[in-house]
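Engineer: What shape does this take:
(one chain, ligands or ions: 1)
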Amino acid sequence: MSITKQFPSVLVFDSGIGGLSVYNEIYNKIPNVHYIYAFDNEMFPYGDKSSELLINRVNSVIEAVTQFYSIDLAVIACNTASTICLPSLRSKFSFPIIGVVPAIKPASLLTKNKCIGLLATKATIKRTYIIDLIRQFATHCTVQLLGLSELALIAENKLQGGTVDMQQLKELMQPWLELQTIPDTIVLGCTHYPFIKKELQMIFPQATFIDSGNAIATRVYNLLNDKYVLNQKPLSASENIVLSTNYNQSVEKLIKKLSDYNLNKYHTIKVSDV
Ligand code: DGL
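Structural biologist: Numbers count the residues shown, from 1 in each chain. This next block holds a predicted model:
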């Protein structure tokens, strides 16, 4: 075992605030690491962008971050990006890169009525990655796919202090409410959705909701634990950093909330090209 650095720097990346749901799980497990939370609000939402654009863009943002910070491990805390960008990122950067993919496998083991729902962005539900996951783990189930653009925006708005319009949410969920067999296990296949889980649970009171946050945190812990001493005194909160690709009023509102996540320093990061 070689100990290279006392506190590794972990980058958590998303298009918006969704990745905070993953960051939160990682932080709770490993508070004594230096965190950089970067989000690409200039290009948000990712869910309606083409695969080619996303691959270029995510590579450019991570590249821009690495110009200023030395990264020891990165988490692409975005299903829309992970399901398409991981191979190119891994070929470009030498640090380990962990992706987030919808928890189809655990859901397939949990469902009793053999009906799983995958709630994700429009881009994610179309990926061959998802079709392969379903073929691999869930052929004994019916998998209902619902791809929506609005949910990530609803979650962003909630985190900035807004309220969730339950009527709108119910209308968005109508395709599943009309089904003969409603999924008893719903996979939150977008990292924004854990922030509106309470509201979704009100619409599907019988369902169990699953996200990948905890599994990702365990994976990060295991990878870092091989290389670093993780059980030391936490760094002071001010050393954790938030980066966004654009500064606007939403970011201003959000920054006030980010101290709840022990993310206290903010910078805007400029991304060239795309
Ligand atoms: N948080 C992202 C995900 O997990 C998507 C939000 C967006 O559309 O940008 O898929």
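
Engineer: Next to the ligand, which bits of the chain? Give me the list.
Structural biologist: With the criterion set to CB under 6 Å from any ligand atom, the chain comes near the ligand through 14-16, 18, 44-47, 78-80, 121, 124, 152, 190-192. The C-beta positions use only the backbone N, C-alpha and C, and glycine is treated the same way.

Engineer: Not counting residues beside it along the chain, what's closest to P194?
Structural biologist: For P194, ignoring the flanking residues on the chain, the nearest one in space by CB to CB, 6 or more residues apart in numbering is S21 at 4.0 Å.

Engineer: Among the residues of the chain next to the ligand, name the buried ones.
Structural biologist: If you count burial by 16 or more other CB atoms under 10 Å, the buried members of the residues of the chain next to the ligand come out as 14-16, 18, 44-47, 78-80, 121, 124, 152, 190-192.

Engineer: just to revisit the earlier point, what about the residue nearest to P194, which helix or strand?
Structural biologist: helix 19-29 (DSSP states H and E).

Engineer: End to end on stretch 27-42, go ahead and measure it.
Structural biologist: 25 Å (CA to CA, to the nearest Å).

Engineer: buried residues in it?
Structural biologist: Of the residues in stretch 27-42, 27, 29-30, 32-42 count as buried by neighbour count, 16+ other CB under 10 Å.

Engineer: same check, this time on stretch 210-220
Structural biologist: I210, D211, S212, G213, N214, A215, I216, A217, R219, V220.

Engineer: And the contacts of that stretch?
Structural biologist: By CB atoms under 8 Å, 6 or more residues apart in numbering, the residues outside stretch 210-220 that reach it are 10, 21-22, 24-26, 28-30, 73, 75, 77, 98, 100-103, 106-107, 110, 185-188, 191, 193-194, 197.

Engineer: and these, which are buried?
Structural biologist: Members of those classed as buried by 16+ other CB under 10 Å are 10, 21-22, 24-26, 29-30, 73, 75, 77, 98, 100-103, 106-107, 185-188, 191, 193-194.

Engineer: Tell me where the model's unsure across the chain.
Structural biologist: Filtered on pLDDT under 70, the chain yields the residue ranges 1-6, 232-238, 273-274.
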